[in-house]
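>>> Curious how this folds, go ahead:
(one chain, ligands or ions: 1)
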Amino acid sequence: MVEEKAISLNKIMALSQDIAFTLDISGNFIFVYENCEELLGYKADELIHRNISKFTANNKNEIVELLKEIQNSKSVKNYSFLFIHKNENRLPLKTKIQFDKNTEIIYCLARKEEFEDPDNINKSQILQSPISLINNTNNLIWSIDKDYKLLAFNKSMKDRFKSNLYYDLSVGVNMLEIPHLTEEYLKIWKDLYDRCFKGEEINVEIAPNGNPEIEEAWILANLTPIYEDKNIIGLVCHSTDITHKKQIENEQFKRYELIQNIIDHIPLGVAVNIISTGQQVMMNKKFSETYGWEEKDLKDVNAFFEKVYPDPTYRHEMIAKVMGDIATGDVNKMQWNEIRVTTKTGDTKYIDAKNIPLSELDLMISTVQDVTEKVKTKFEIQKALADKKNILESISDAFYALDKDYNFTYLNKSAQKLLNRNENELLGKNLFKEFPELSETVFKGYLEKVKKSSKLAQFEFYFPPFKIWFDECIYPSKEGFSIYFKDITERKIIQEELENAYEKENEILESISDAFLAVDNDYNFIYLNKKAEKLLNLQKTNAIGRNMWDIFDYTKDSIAAKEYNLAIKNNETRSFDFYNDVLKVWFNIRAYPSKNGLSIYFTDITHEKEHQKKLEALNLKLKKYTKKLEESNQELEQFAYIASHDLQEPLRMVSSFMEQLQNKYEGQLDDKAQTYINFAVDGAKRMRQIIIDLLEYSRAGNQEENLEQLDFNEELSEVLSLLHTSLTEKTVDLNVDELPSVLFSKTAIRQVFHNLIGNAIKYTLKDQSIKIDISWKEDKRFFIFRIQDNGIGIDEKYHDKIFQIFQRLHSKSSYSGTGLGLAICKKILKKYGGDIWVESKVGEGSSFFFSIPKKIKL
Ligand code: ADP
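Coordinates of the predicted model:
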């Protein structure tokens with residue numbers, strides 16, 4: 001419905017000269033009837049939702065006020081919009097406006113305002129007259145005579161005086177006597193008038209402070225003399241308001257000042273020259289500062305070049321370069337970096353300069369920047385780089401660096417020599433393009449491996465085009481790769497020859513039961529036999545040519561490595577045991593140096609080592625036991641000594657009281673009592689003997705005894721004299737060899753002789769003639785003595801037993817004794833490192849042997 005209504009309204013409106021539109025309370029178009037386009041130039045769509053003030057030349061506040069006013073008023077209001085047509089012409093619109101409170105819509109009906117102009121023809125006539133020209137200008141025009149009296153003036157002049165000074169100008173008024181004008185103002189004008197009367201044509205700008213009451217603006221005063229017969233009879237004056245122009249100029253001046261200010265303070269040297277003349281227009285402080293000269297020194301282009309480039313050759317070079325670049329007219333070429341210049345004090349500086357030509361203005365802007373620090377740093381870096389390069393050059397190995405795409409970034413001299421290419425040919429070039437055959441070798445694979453793993457790789461490879469064996473080491477680097485390499489062809493040839501030589505000896509080497517390997521002087525494997533392959537868990541084919549320390553890198557600092565080095569260094573055979581803790585094998589190794597390196601024989605001695613270890617452990621255990629035993633023996637001996645010593649006293653008491661009993665009650669006691677007493681006395685005696693012997697046994701070997709060189713003949717005769725009684729009791733045939741002189745203890749040998757000879761006499765059959773032979777012999781380490789008797793002899797089963805304490809083969813009634821004699825002998829001899837033993841058969845006599853070491857160790 002609404003739309004239908006709108007269409008029918010549109011039709012009506014199309015017949016009307018009026019246009020209609022509605023606005024919201026803010027003045028935005030809501031609805032515009034179609035016929036508006038014809039009048040306004042805008043289509044309805046272009047206006048809707050946009051504010052009417054945007055389309056009018058009316059004061060915006062006025063429209064705001066109008067909108068407010070309409071909302072408060074019920075009646076229709078007339079307003080004249082000065083609508084701006086789409087073609088930008090002004091279009092006065094006489095508009096009736098009404099506000100509808102309910103809908104809050106402002107309804108407008110507008111019509112183009114027609115000026116009524118009945119005197120159209122008269123107007124053109126007026127416009128054609130000069131008076132009209134004079135009176136219709138805003139400029140003030142007047143003339144004066146020689147007495148400064150006003151001759152004529154235009155309408156604007158009259159209006160201005162009236163409105164500003166409330167003064168009614170009239171002909172004849174003295175222009176220098178008009179009231180309210182300041183003296184200063186009048187003075188300015190008097191000067192101007194006077195100068196003009198003298199014939200000068202004046203054209204001058206006067207500032208507004210001349211007289212604020214009459215001229216608030218800048219004016220351009222133009223004074224022209226009026227001549228009559230070459231005499232000046234008056235002046236025509238003309239004043240134009242140039243405030244607007246001045247404002248623009250002022251703004252321009254301010255802008256210029258701002259620019260000047262910026263230029264003065266930017267950290268960039270700026271100078272402006274006129275291209276055609278070379279004359280300088282402007283230069284900021286920074287410009288002269290940067291060049292290290294005073295402003296006046298650089299004013300002229302020629303002076304500039306002479307000062308900044310004092311060396312004539314360099315100067316000419318620079319002039320040619322700069323002028324040449326400028327002549328191309330190409331802005332991109334007018335840029336010179338890191339130019340060396342000389343300051344007034346003679347110092348060297350570096351600058352970046354750039355020129356910007358403004359050809360239309362015939363101006364050249366030169367900018368300059370101090371880059372001395374930057375250049376110096378650059379030089380330092382270059383020097384550091386050169387130093388680094390020197391270091392790299394001094395590496396005796398060939399060395400080159402590649403970027404991540406395998407392009408050369410550096411090569412030292414050795415590398416250039418080995419690759420037979422110079423630096424210029426290779427830098428920046430791709431390795432595989434320059435040496436395509438490389439991609440067919442293992443090299444490429446290693447390089448890719450390093451790239452992937454970021455771990456270094458070392459390997460040897462043969463490069464067919466060069467017929468060279470290379471030893472290569474590729475290190476990953478931040479930029480790509482660092483590659484060290486050397487020519488090892490010679491070594492390889494020797495190695496190969498050696499290998500061949502060894503191969504020839506193969507059978508012999510393989511037949512060696514030991515493992516065998518050979519290395520050259522750099523420890524590269526030349527040969528391994530099968531046994532070595534097995535023991536080292538290493539295949540010959542994988543080992544030959546490779547370095548021993550690459551394969552067994554964990555043994556690099558081991559004893560084995562030290563021993564090998566010693567073998568090579570001192571040219572001596574080294575034999576040692578070595579535990580390989582990775583293979584978990586003990587090796588016995590013998591390294592034989594040769595002209596070409598080392599021959600190494602080795603056996604697995606793990607088993608022996610284990611055995612040895614067990615033995616050592618056992619020994620240790622044994623030592624512990626022995627020590628314990630010794631300790632307990634000592635304790636026992638001490639006990640025996642104390643016991644026997646302390647028993648002597650009560651025993652003596654028993655014997656003496658028994659004796660007293662016997663003496664005092666002799667005859668009073670019956671035979672039985674007498675026999676008992678005899679038993680007791682006898683027992684006490686025996687006990688005493690046992691104690692004495694025990695004491696002796698415990699003492700034997702415990703005392704510190706002085707060893708001395710003893711003539712055993714003498715010692716023996718001493719003992720025989722002690723045994724005199726026993727010897728004379730029986731018939732004894734004693735044969736003694738001439739005895740040697742021996743380093744021994746006197747008491748010890750006497751005791752031994754005494755016991756053995758005593759026994760030889762004792763253990764005989766009754767009434768038997770006794771034959772005793774004493775002889776000796778010696779071997780490397782011992783003197784061995786023999787005491788041979790023809791007595792009762794000893795059953796073989798007791799040959800050991802008789803040397804133990806208290807061991808007797810007979811009852812005391814048949815042979816007296818305590819069973820300690822031989823034990824004492826054994827203890828003494830053992831102490832000095834000797835021994836005692838017997839050879840005997842029952843009824844065939846006995847031979848007691850004892851030995852004394854020639855070198856006694858206590
Ligand atoms: P003792 O003579 O005090 O009994 P020994 O230690 O001197 O103690 O001797 C131990 C035993 O060895 C003797 O009891 C004796 O049986 C035997 N014996 C020692 N010497 C001889 C010898 N020359 N001929 C035969 N038997 C001997």
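
>>> Domain map for the protein?
Taking automatic domain parsing as the criterion, the chain consists of the domains 2-240, 266-376, 395-494, 515-603, 611-694, 700-853.

>>> and those domains as CSV, adding mean neighbour count and distance to the ligand?
Heads up, the C-betas are built off the backbone N, CA and C, glycines and all. Output for those, formatted as CSV (neighbours: other CB atoms under 10 Å; distance: least, CB to the nearest ligand atom, whole Å):
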stretch, mean neighbour count, distance to the ligand
domain 2-240, 15, 147
domain 266-376, 15, 110
domain 395-494, 16, 80
domain 515-603, 17, 51
domain 611-694, 13, 7
domain 700-853, 17, 2
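
>>> Just put those domains in CSV and tack on distance to residue 383.
Below are the domains of the chain laid out as CSV (distance: least, CB to CB, whole Å):
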stretch, distance to residue 383
domain 2-240, 64
domain 266-376, 10
domain 395-494, 17
domain 515-603, 38
domain 611-694, 64
domain 700-853, 83
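
>>> Out of those domains, flag the one nearest residue 247.
Nearest of those to residue 247, taken as CB to CB: domain 2-240 at 8.3 Å.

>>> who's in contact with the nearest residue to residue 762 once chain neighbours are set aside?
Spatial nearest neighbour of residue 762, chain neighbours left out: residue 815 (5.9 Å); criterion: CB to CB, 6 or more residues apart in numbering. Residues counted as contacts of residue 815 (CB atoms under 8 Å, 6 or more residues apart in numbering) are 762-763, 808.

>>> Closest one of those residues to residue 680?
Using CB to CB, the contacts of residue 815 come closest to residue 680 at residue 808, 22.3 Å.

>>> Please confirm that the closest one is located within a strand.
No - according to DSSP: H, G, I helix; E, B strand; the rest coil, residue 808 belongs to no strand; its state is coil.

>>> what sits against the closest residue to it other than its chain neighbours?
Nearest non-adjacent residue to residue 808, counting by CB to CB, 6+ apart: residue 819, 3.9 Å away. Contact partners of residue 819, counting by CB under 8 Å, 6+ apart, are 805-808.

>>> again, only this time at 10 Å
690, 693, 801-802, 804-810, 812 (CB atoms under 10 Å, 6 or more residues apart in numbering).

>>> Could you list everything the residue lying closest to residue 836 once chain neighbours are set aside pairs with in the sheet?
Excluding its sequence neighbours, the residue lying closest to residue 836 (CB to CB, 6+ apart) is residue 850, at 4.4 Å. Assessed by DSSP bridges, residue 850 has beta-bridge partners residue 785, residue 836.

>>> residue contacts, residue 850?
Contacts of residue 850 (CB under 10 Å, 6+ apart): 749, 752-753, 756, 776, 782-787, 825-826, 828-829, 834-838.

>>> ok, now residue 498?
Contacts of residue 498 (CB under 10 Å, 6+ apart): 518-520, 524, 526-527, 594, 596-597.

>>> next structured bit after the helix-or-strand element of the chain with minimal mean pLDDT?
Within the chain, no helix or strand scores below helix 120-128, which has a mean of 54 by mean pLDDT, DSSP states H and E. For helix 120-128, the following helix or strand on the C-terminal side (DSSP states H and E) is helix 130-135.

>>> Need the mean per-residue confidence for that next one.
Helix 130-135 carries an average pLDDT of 76.

>>> again, but for stretch 66-84
Mean pLDDT, computed over stretch 66-84, is 86.

>>> Check the offset of that stretch from the chain's centre.
How far stretch 66-84 lies from its chain's middle: 82 Å, per CA atoms, centre = their mean, to the nearest Å.

>>> Can you check the distance spanned by that stretch, start to finish?
18 Å (CA to CA, to the nearest Å).

>>> follow-up on the earlier one: so the residue nearest to residue 762 is in which element?
Under the criterion of DSSP H and E, residue 815 resides outside all helices and strands.

>>> Could I get the phi/psi values of it?
When read as degrees, to the nearest 10, the backbone of residue 815 gives phi -140, psi 120.
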